[in-house]
Every structure is written in structure tokens, then in C-alpha cells.
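> Need the 3D shape of this:
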Amino acid sequence: MVSISVTSIFAQSQYEIPDWIKNNVKWWAEGEIDDGAFVSGIEYLISKGVIDIPITQKSVSATDEIPSWVRTNAEWWADGTISDSDFVAGIEYLANSGIIRVAQTIPSQIESPSLEINAGPSEDTVEIVQESWLCSGNARCFTGIVTQVIDGDTIKVDGQSIRFALASAPELNEPGGIEAREFIETICSVGSIATVDEDDGQTQGSYGRVLGVIYCNEFNLNEDLLNVGHGYLISDFCKDSEFENEYWAQNHGCSTISEHECPVSHPYIWTDGFCYEEPEFLDNGCPRGYPYVWSDDLCYNIPEPVYEESPRCDPSYPDFCIASDSPDLDCDEIPYADFRVYQPDPHRFDADYDGIGCESYQPPAEAPPVQSDCDPSYPDFCIPSPPPDLDCGDIPYKRFTVLQPDPHRFDGDKDGIGCET
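Residues are numbered from 1 along each chain as shown. Modelled structure (predicted):
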């Protein structure tokens, strides 16, 4: 374990602000005290060390105004909605913009940047090598220690605020802002060594911050912020930026190709900035590769499944779904056997009324006694001719064939079926 010592850099702040300060901030946020009184109070706290933040002096005119978002942050902080560090980030912006003037910077050693590396005895120090080979152009290129991760698109290297060129992340009080900062902290934590390649096309900076590409722990922070979806490219600055033609910038929206510059064989430019043989979007508005519009108005790569409406199941057949609608079905027209049947049994699957439909086992019928007086009107069974005259209740048969003259009048409705009920 060896310690890293670097001169002329700032400590990572540990913000411990007395609770009574929130009263003053709340009064200012609610308009009860003016900007001058608020700024004077903050300047006093900084000068006394109550708020200990790195300051880069800048000469400004007296017309500078405090941005509205700082007042919003102050109100949220006073109400406990955001943390002390988020509030101090706003105060730091005022200081770096020159709206709050501090007589001098507060240099200090970094309090806890130590790396576990096998580099010799503990009294040794690590020399920071300037990795200028990572840089392009003629603007500044420097390597230093990450002293603070302010948000998803701004960090501090050796106390200097560096704003990611072309890449931007949501503010901390906006959806995704906290996640963007946590992502940067994961791949480039405080104490890491970072190289800054200042943007040749934007050397004027942004609110006192250097605009550039930052390389840290073998990551390009600008590129990776965009690739993982925690940030977005600011296309308005593509033409101004040295990095406009970098692959990651082109891929995320800095395309310098227009459709009339595409070759004849690939005349269509897609949103990725490359030219293709066919248009990116189909006539239905879907991108190529997802040509099908479903009923939810989204595009998919397969047709939407069509589900047939289930038939209405007849309650006479509780074991299976057998429709009660026409046509009339017979047992040999369905794949079921030996199932429960309730009346009225519209398909007449239960011919013997024993509650079982389409029975697969039929017991052998007993041979009827040989009778010589069977009446030919009843060919299914041997029923003697009168006398005596018989009624349906006098015989054990139901629903049998009846031919005329039907001497026992078993077929009262003359439909050819006797003793139907």
C-alpha cells in the first residue's frame, strides 16, 4: 500500500453544514431576503471555512445573476428534499462563475486517495505520468487526480471542473440524474487518474469549466455515458467540436453525411449516420427489421398472433368443451368417450340415460326368450300383440322403433319412436 501525494490540488469536501444555515437559505428561496444578502452570507461561510469547497476565481461583471435552478435547489435543500452535497454543488457553481467572490483558493492535499499497488515501501510516492498520447488537436492535454464527481457529465481533475464535450446527462434533480452520476463514480471514482483532452473547438469552456474528453481507467467517459444510455449527445455543438468525427460522436448523432452524399448503390441514410440500400422505415412507419404493427401500435419482427374465439361450451358436458351450437354431433364425431352427461343432453350422447355419454363398453345383451307371438309393429323387441293392451309403464323399453298399426299405441305422436319419455 502506498500513498499518492499531489501538490496544488483540492480536497474532496465532506460537507457538514450547521442546521441553522437552512433558515437563511429558506428565507432567500421564499423571497424574504434578497440575492445580495444571500450571497454575502454564503461568502462569509466560505471565508470562515463553514463551507469548504474548491474555488477557481474568475472576474465577472456586476450584472451576473443567480440562476433560477440554484434557488430551486436551495428550497429543496431547506426542505430536506436534496442532500447537503447537492446544495453545495450549486454554491460551487456560483463560486466558479464569479457570482460569489472569494479572496483566495483553499489548497489542500487529497484526504483519502490511496491505491493498493505493489510499488515499493509505503514512504514512496507515485508520479503521475502525463498521458498526452491519448489527446488530439492543439488545446490543453493534462493528466491528474479525480477529486470530485459532481454529476453525470462533470467531474473535477486536480480541482479543475471538466465538462464532458458533446455528452450530457440529466441534472441531479431530474429523472436519471442520480443514476448517471453513480455510473461515472463506478468507472472513474475519486482518486482515479484521468487524462483530459480539451476540445479544440470549444476552448472558451462552459461556465468556468473546461470542455473535453476524459479518459479514466481505460474508459472514455464521454463515449461510455452515451453508450449505456445514461446521457445524450448535444448535436447543436457537433459543428463546433473537435470530436465531431469521432466514431462515438457520429454513432450518437453527429453524422456529417447528408442523404445526397450517399453513393448511388446505398442512397438512404439511417439514424446511425450510415448509408443503406433501402429506407430505414417502411410505409407503415415501422423500422426495417420490425415490419409488423400489432394492435398496441408498436412494431414487432413477427406477425401478431390471432387467437380464435373459444366456442361456447354446453353445460350438459362438464368434462369437456362441447359446443351446444349446430351441427348435431354423434359419438363418432368427437374424440371423447365415457364422460359425464347432464340433461337435457342436446346431442343425445347418453342414449340410455345413465349419466355417461358415448360409452365405450356395452354389456352383452341378454338373449330374449323365444316368443312366437311378437307383434311386427315393434321390430326392436318382442312385444306380444293384445290382449292384454299394454302401456309404456308396463314394459321395460324406451325409445324403440314403432311401425303401424301400433296396436298398443306406444307411438302417440306417430313419429316412429315409441315410449319416448
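
> excluding its backbone neighbours, what's nearest I155?
Closest residue to I155 apart from its sequence neighbours, by CB to CB, 6 or more residues apart in numbering: V149 at 5.1 Å. (Glycine included, C-beta is placed from N, CA and C.)

> In terms of helices and strands, where is the one you found?
If you go by DSSP states H and E, V149 is part of strand 141-151.

> so who does the residue nearest to I155 touch?
Counting by CB atoms under 8 Å, 6 or more residues apart in numbering, V149 touches 155-156, 181, 184-185, 188-190.

> from those, which would you call buried?
Burial by neighbour count, judged by 16 or more other CB atoms under 10 Å, picks out 155-156, 181, 184, 188, 190 from the contacts of V149.

> Pull the number of nearby residues for Q343.
Q343 has 9 neighbours, counted by other CB atoms under 10 Å.

> Number the residues from 705 up from this point.
I'll keep to 705 as the first residue from here, and by that count the last item is Q1047.

> Show the contacting residues for the nearest residue to it once chain neighbours are set aside.
Nearest non-adjacent residue to Q1047, counting by CB to CB, 6+ apart: S1020, 6.9 Å away. Neighbouring residues of S1020 by CB under 8 Å, 6+ apart: 1028, 1045-1051.

> Please tell me the pLDDT value assigned to D1093.
Here the pLDDT value assigned to D1093 is 87.

> mind checking which helix or strand D928 is in?
Assigned by DSSP H and E, D928 belongs to helix 925-931.

> quick one: contacts for the closest residue to A884 other than its chain neighbours?
Among residues not flanking A884 along the chain, G856 sits closest, at 2.6 Å (CB to CB, 6+ apart). Applying CB under 8 Å, 6+ apart, one finds that G856 lies in contact with 873-874, 880-881, 883-885, 887-888, 929, 934-935.

> Please report how far G856 lies from C839.
G856 sits 23 Å away from C839, going by CB to CB, to the nearest Å.

> Show me the shaky parts of the stretch 1005-1125 of the chain.
Residues of the stretch 1005-1125 of the chain meeting the criterion pLDDT under 70: 1012-1015, 1029-1030, 1065-1076.

> What segments of it are strands?
Using DSSP state E, counting those that start in this stretch, the strands found in the stretch 1005-1125 of the chain span residues 1043-1044, 1060-1061, 1104-1105, 1121-1122.

> What is the burial count for D903?
Around D903 there are 27 residues (other CB under 10 Å).

> hang on, the earlier thing: what element comes up after the helix holding D928 heading to the C-terminus?
Next element after helix 925-931 (DSSP H and E): strand 936-937.

> Mind giving me the packing neighbours of that next one?
In terms of contacts (3 or more CB pairs under 8 Å, 6 or more residues apart in numbering; DSSP states H and E), strand 936-937 is packed against strand 871-872.

> Partner strands of the strand it packs on, with direction?
Using DSSP bridges, the strands paired with strand 871-872 in its sheet are strand 936-937 (antiparallel).

> The partner strand: how far from the chain's middle?
How far strand 936-937 lies from its chain's middle: 18 Å, per CA atoms, centre = their mean, to the nearest Å.

> Just the C-alphas of the next helix-or-strand element following that strand, formatted as CSV.
Next in sequence after strand 936-937, counting helices and strands by DSSP H and E, comes helix 951-955. In CSV, the C-alpha atoms belonging to helix 951-955 read as follows (Å, rounded to 0.1, in the frame of the first residue of the first chain):
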residue,chain,number,x,y,z
TYR,A,951,-16.9,7.2,-34.1
TRP,A,952,-18.9,7.5,-30.8
ALA,A,953,-20.0,11.1,-31.7
GLN,A,954,-21.0,10.0,-35.2
ASN,A,955,-22.8,7.0,-33.9
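
> which parts of helix 951-955 are buried?
952-955.

> Which secondary structure elements does it sit against?
Applying 3+ CB pairs under 8 Å, 6+ apart, we find helix 951-955 packed against helix 925-931.

> which residues touch the helix it packs on?
Contact partners of helix 925-931, identified using CB under 8 Å, 6+ apart, comprise 856-857, 859, 868-871, 873, 884, 887-888, 891-892, 917-919, 935-937, 947, 950, 952, 956.

> if we can go back for a sec, just send the buried residues of helix 951-955 back as CSV, with pLDDT too.
Formatted as CSV, the buried residues of helix 951-955 follow (pLDDT from 0 to 100):
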residue, pLDDT
W952, 92
A953, 90
Q954, 86
N955, 85
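
> Are there helices or strands packed against the next helix or strand after the strand holding V853, and which ones?
Remark: after strand 845-855, the chain's next helix or strand is strand 858-861, criterion DSSP H and E. Applying 3+ CB pairs under 8 Å, 6+ apart, one finds that strand 858-861 contacts strand 845-855, strand 864-868, strand 897-902.

> can we see that at 7 Å?
strand 845-855, strand 864-868 (3 or more CB pairs under 7 Å, 6 or more residues apart in numbering; DSSP states H and E).

> Tell me which two in the buried ones among the contacts of V853 are the farthest apart.
Greatest spacing in the buried ones among the contacts of V853, by CB to CB: K860 and R885 (12.9 Å).

> State the distance from the residue nearest to the spatial centre of the chain to W731.
Residue closest to the mean C-alpha point of the chain, counted by CA atoms, centre = their mean, is G933 at 11.2 Å. G933 sits 40 Å away from W731, going by CB to CB.

> quick revisit: closest one to E965 among the helices and strands packed on strand 858-861?
strand 864-868 (28.7 Å).

> Between strand 897-902 and the closest one, find me the angle.
With axes from the mean of the first three to the mean of the last three CA atoms, to 10 degrees applied, the angle from strand 864-868 to strand 897-902 works out at 70 degrees.

> so what strands line up beside strand 864-868?
Strand 864-868 sits in its sheet next to strand 858-861 (antiparallel), strand 914-920 (parallel), going by DSSP bridges.

> what residues does the first one touch?
Contacts with strand 858-861, where a contact means CB atoms under 7 Å, 6 or more residues apart in numbering, come from 758, 848-854, 865-867, 888, 892, 898, 900, 913, 918.

> mind checking pLDDT for I961?
Looking at I961, the pLDDT reads 60.

> I appreciate the help and will end here.
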